[in-house]
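Student: coordinates for the following, if possible.
(chains A and B)
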Amino acid sequence: MLLILLGVLILHLIILVLLFVSTAANAWTVGGSSSTDLWYNCLTTNGGYHCRPASNEDWIQAVQALMVLSVLFCFFSLIAFVYQLFRLVKGGRFFFTAIFQILASLFVMCGAIIYTVMGPQGDSSASYGYAYVLAWVAFPLCLISGLIYIVLRKRE
Amino acid sequence: AKTKLTLIIIIMLFKHKQCQSQAIVIYTGWERHALVGSDIRLSCSFFSWRWTSEDVTFSWTYRPDGSRDSISIFHYTGGVPYVDNKGPFRDRLEFVGNPGRRDGSILLKNLDFSDNGTFTCDAKNPPDIVGRPSSVRLLVFEKVPIQAGVITGAIIGVVLGLLVLIVAIYYLMRFLVARRVFNLSVRSVPGLCPAALCQPGLCQGLGLTPEPIPGTETCVAKQA
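Tutor: This is a model prediction of the structure:
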């Protein structure tokens, strides 16, 4: 039982780190010397590293909001897990934890889908950066983690 | 403290002497945003240590984006405003200022994308004529862009607000159920009816009648 709990906790922490890096890193689209989104458009010229704020179109702001919300909900779910670990009755399920985790995975999915559909693909030299890949990796992990919490029962 | 006071007085007198030859200061906006087809009022006012003379003049010049030449579009002198009658703003410019109150604002009507540019206002209040003209940049949009972060903040705020609301409602319901104001589960077996249901007629649909136990606040549900 302890091993299962430890494994689930480590998975949760990995997902939280993935989500945080994906949200905070500025590498959703990279191409040559430029790396854009989610927060800045940065260009590396031989003069240095210049950044200006990302375009304020509606969809980028929606992706920003969804990624931030997913990080917040994953964090809330971690707190709920620790709380329910000590306060749940024997045989109870971690429902609160599961709900927050599944909502977090939903938000990541929506954010990644919106960015895929509306993202800047026109440039032939631009390709998806590692932050975008991390978002797509975090989504199924987060969903699986949420489902594990639904199935998990507290035993002593 | 006395030396400090005398120092302050000396500095103030010195500034006062300077003030008589202080330049005229002209104020316009820094950047104005407008929608295509709308009107916009470009304000221009000045500060001068002299009273507003009758020979006060205002003049506006326009420099389109990407061009290096300016064209004069408005001039007010001798109490008469002269608006553009052959340039890019003919029939679209109107003087809405009040020179007596040091206001030299103009109104541009029916804006178009070609009106993007820098508008410079120069005001002179004889004998106070030394000053720097002030410029305001006009940006014409098809639709006014939303500021960065407004939608982000709104979505995050709404979702977190909903979360707080749901948690609050959950705890409120639990509190109310514990206080016996609500009873969410109706029992159909004879047993102790809660005090709130001790009124006759409330257990009717279940085929039970509440019978109060004398001396207590509870009652027993008996088969009707």
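
Student: drop to CA atoms for contacts and neighbour counts, all remaining ones
Tutor: Noted.

Student: worst-scoring helix or strand of chain B, pLDDT-wise?
Tutor: strand B:192-193 (a mean of 53; mean pLDDT, DSSP states H and E).

Student: any idea which element the spatially most central residue of chain B lies in?
Tutor: With distances taken as C-alpha atoms, centre = their mean, B:Gln147 lies nearest the centre of chain B, 12.5 Å away. For B:Gln147, there is no enclosing helix or strand under DSSP states H and E.

Student: isn't it up against A:Ala54?
Tutor: No: here B:Gln147 does not reach A:Ala54: they are 11.4 Å apart, not a contact under C-alpha atoms under 8 Å.

Student: next, count neighbours for the nearest residue to B:Phe58 once chain neighbours are set aside.
Tutor: On the basis of C-alpha to C-alpha, 6 or more residues apart in numbering or on different chains, the spatially nearest residue to B:Phe58 that is not a chain neighbour turns out to be B:Ala123, at 4.5 Å. Here the count is done by other C-alpha atoms under 10 Å in any protein chain shown, and B:Ala123 has 30 residues near it.

Student: how about B:Ala123, what does it touch?
Tutor: Residues in contact with B:Ala123 (C-alpha atoms under 8 Å, 6 or more residues apart in numbering or on different chains) are B:26, B:45-46, B:56-59, B:129, B:133.

Student: out of those, which one sits closest to B:Asn98?
Tutor: Within the set of the contacts of B:Ala123, B:Ser45 lies nearest B:Asn98; the separation is 9.5 Å, counting by C-alpha to C-alpha.

Student: I'd assumed B:Gly29 was in contact with that closest one.
Tutor: No: here B:Ser45 lies out of contact with B:Gly29, judged by C-alpha under 8 Å, at a distance of 10.0 Å.

Student: which one's more surrounded, those two?
Tutor: B:Ser45 (22 against 14).

Student: what residues are up against the closest residue to the more buried one other than its chain neighbours?
Tutor: When the adjacent residues along the chain are set aside, B:Ser45 lies closest to B:Asp103, with 4.7 Å between them (C-alpha to C-alpha, 6+ apart). Taking C-alpha under 8 Å, 6+ apart as the criterion, B:Asp103 is in contact with B:43-46, B:97.

Student: beta-bridge partners for B:Asp103, please?
Tutor: Residues in a beta bridge with B:Asp103, per DSSP bridges, are B:Ser45, B:Asn98.

Student: quick one, which of the contacts of B:Ala123 are buried?
Tutor: Those of these that meet the buried threshold are B:26, B:45-46, B:56-59, B:129, B:133, by 16 or more other C-alpha atoms under 10 Å in any protein chain shown.

Student: all the strands of chain B, residue numbers only.
Tutor: According to DSSP state E, chain B carries its strands in the segments B:25-28, B:31-35, B:40-42, B:44-47, B:57-64, B:71-77, B:80-83, B:93-95, B:106-108, B:117-124, B:134-141, B:192-193, B:208-212, B:219-223.

Student: would you list the ones you listed in CSV and tack on distance to A:Leu38?
Tutor: Converted to CSV, those look like this (distance: least, C-alpha to C-alpha, whole Å):
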stretch, distance to A:Leu38
strand B:25-28, 36
strand B:31-35, 26
strand B:40-42, 35
strand B:44-47, 40
strand B:57-64, 34
strand B:71-77, 42
strand B:80-83, 48
strand B:93-95, 43
strand B:106-108, 38
strand B:117-124, 31
strand B:134-141, 24
strand B:192-193, 60
strand B:208-212, 65
strand B:219-223, 65
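
Student: so what's the residue count around residue 96?
Tutor: No chain specified, so I'll use chain A. The criterion is other C-alpha under 10 Å. On that basis, A:Phe96 has 18 neighbouring residues.

Student: oops, I was thinking of chain B
Tutor: That count, for B:Val96 with other C-alpha under 10 Å as the rule, works out to 15.

Student: which residues are in contact with the residue nearest to the spatial centre of chain A?
Tutor: Within chain A, one residue has its C-alpha closest to the average C-alpha position: by C-alpha atoms, centre = their mean, that is A:Leu19, at 2.9 Å. For A:Leu19, the contacting residues are A:67, A:70-71, A:134-135, A:138, taking C-alpha under 8 Å, 6+ apart as the criterion.
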